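> here is my input; please provide its structure:
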Amino acid sequence: MRIGYLECFSGISGDMLLGALVDAGVDFARLRETALALDVGADLVLRQVMRGGMTATKVDVLTPENRAVHEHPHQEPHEHAHHEPHTHGHEHGYSHAHSHEEHAHHANGEHTAHKHEHSHAHHRSLSTILAIIARAPLADAVKAQATRAFQLLGEAEAAIHNIPVETVHFHEVGAVDTIVDIVCAAQGCAELGVDRWMASSLNVGSGTVKCDHGTLPVPAPATLALLSDAPVYAAGAPMERVTPTGAALLRMLDVHYGALPAMRVKATGYGAGGRDTPGQPNLLRLLVGEAADEAGREEPIAVMEAVMDDASPQLLAYVSELLLEAGAWDVYRTPVQMKKGRSGIQMTVLCKPELVPALREVMLRETTTIGLHWRVEQKASLAREFTPVQTRWGPVQMKIARWASGEVANVSAEFEDCKRLAKEHGVPLKRVMQEAMLVCVAETEKEKRG
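Reported below is the predicted structural model:
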């Protein structure tokens, strides 16, 4: 399994991700073709910069408004944190209908403000932006990813301002930059061919951001809404480190958060933010590699437990069914000895961590327990697939588990299928199961030989 791991020790933004992708091996020419294919008057420029004494890749979106900045490469553009060099700052150039955003960032003691004195005609609606993406001559998967990111951005803004998502508008300059950032990031991630995206906890920064709604703490409201339950912290000089576009890209990639997994690193990329910041390298690091453990996919798993000595077996069987229907991976019961020598039952539930609140409610409502506990562990599992095989008595569904190399690790027959055929044809269940296994093994051997 190919893993992409984002180390967000200094946050993440659109330009940082693009830089990291190129630095990790994505062809910059492909990203530039993608930007031009959008037909929004934008291009990409590439340069190598120093951040904290390290060389990193900086990718900027070039528009007619900021073209003059790049015609004088000896001048370092004035940028805020990870903001790309365009006249209105970075990704906060969007606002809802009839709103003209004003932003000021307090970073390292500096105070700068940008007033957007533009009419509503200089804003683009969400539907207009989605239409731009839809008509671009790009792969459907890339357009689908980019569309999802913009919808997430629009929904976050709509919720913050309590307006319909259809009325959300993005400032023209900020919209062009954000369109290019998101679509090119979707293209670059597709080029890498990553199966699973992961990230460290996010350094969101600190300080304040000033808009037409007043002075608000970092992270900005849209960023906070998009990050949802992602693990965050603040470190380094006060500045905005995770931007709304960065947060939307993390959601677009369906990133899982956790420690660096066991992997064989094949490529490393450093993407630079807008300026060099003392004491905290303004970088995003991307590691790309293969899962080191042939056991394959690793993911967090929640283990919930409750012990009861006053619940009937019938009740516990019923609750087990409810938990499985509600999404639990597995439910099992273990006899235990409780205080005062009483016999009891420990009910254990395995599930996705995000399902803990819902399944916890089921256990507290339906069983006799008045308390329970849970923990989050790591789960490793083989890739699996389901395929039917034809026995002399009828079809049987088979579950095939494979190593990361694609080699078959385990095969098992669907018990209910075998039981049904055994009853229908009056043959021993073990004969049906044995034949299903033999047929499946023969077919997998044939597949191996090609």
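> going forward, measure contacts and count neighbours with C-alpha atoms only.
Noted.
> beta partners for Glu7?
Beta-bridge partners of Glu7, counted by DSSP bridges, are Arg285.
> list the residues that contact it.
By C-alpha atoms under 8 Å, 6 or more residues apart in numbering, the contact list for Glu7 reads 199-201, 284-286.
> run the last query once more with 7 Å
199-200, 284-286 (C-alpha atoms under 7 Å, 6 or more residues apart in numbering).
> do Leu38 as well
Leu38 makes contacts with 132-133, 136, as judged by C-alpha under 7 Å, 6+ apart.
> ok, residues contacting stretch 131-138?
37-38, 143.
> if we can go back for a sec, Gln346: which of the contacts of Leu38 is nearest?
Distance to Gln346, by C-alpha to C-alpha, is smallest for Ile133 among the contacts of Leu38, at 53.2 Å.
> mind checking the SS state of that closest one?
helix (DSSP: H, G, I helix; E, B strand; the rest coil).
> for it, give its distance to Thr277.
To Thr277, Ile133 is 34 Å away according to C-alpha to C-alpha, to the nearest Å.
> same deal with Ala29?
Distance, Ala29 to Thr277, using C-alpha to C-alpha: 29 Å.
> could you do Leu438 as well?
Using C-alpha to C-alpha, which is the criterion applied here, Leu438 is 64 Å from Thr277.
> the two: who's more crowded?
Thr277 (18 against 12; other C-alpha atoms under 10 Å).
> what separation is there between that one and Ser127?
From Thr277 to Ser127 the distance is 37 Å (C-alpha to C-alpha).
> for Arg51, same thing?
Applying C-alpha to C-alpha to Arg51 and Ser127 gives a distance of 38 Å.
> span of stretch 202-217 from start to end?
First residue to last in stretch 202-217 (C-alpha to C-alpha) measures 16 Å.
> what comes up buried for it?
Using 16 or more other C-alpha atoms under 10 Å as the test for burial, stretch 202-217 gives 202-211.
> and if you look at stretch 370-388?
Across stretch 370-388, burial judged by 16+ other C-alpha under 10 Å covers 374, 382-383.
> could you do stretch 268-284 as well?
Within stretch 268-284, the residues that qualify as buried are 268-277, 281-284, counting by 16+ other C-alpha under 10 Å.
> could you do stretch 319-326 as well?
319-320, 322-324.
> circling back: and Arg51 and Ser127? Which one has more around it.
Arg51 (22 against 17).
> surely the more buried one and Pro281 touch.
Yes. Using C-alpha atoms under 7 Å, Arg51 makes contact with Pro281 at a distance of 5.4 Å.
> so where's this protein uncertain?
The model of the chain has pLDDT under 70 over residues 67-122, 171-174, 211-213, 292-297, 404-405, 448-450.
> in it, which strand has the most residues?
Counting by DSSP state E, the longest strand found in the chain is strand 297-308.
> what lies in contact with that strand?
344-353, 368-369, 371-383.
> return the distance of the following helix or strand past it from the chain's centre.
Next along the chain after strand 297-308, taking DSSP states H and E as the criterion, comes helix 313-325. Averaging C-alpha positions (C-alpha atoms, centre = their mean, to the nearest Å) puts helix 313-325 33 Å from its chain's average.
> just to revisit the earlier point, which of the contacts of strand 297-308 fall in strands?
Members of those lying in strands (criterion: DSSP E): 344-351, 373-381, 383.
> before we move on, back to that, now the contacts of stretch 131-138 as a markdown table including distance to Lys446?
As requested, the contacts of stretch 131-138 are exported to a markdown table (distance: C-alpha to C-alpha, whole Å):
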| residue | distance to Lys446 |
| --- | --- |
| Ala37 | 45 |
| Leu38 | 46 |
| Lys143 | 38 |
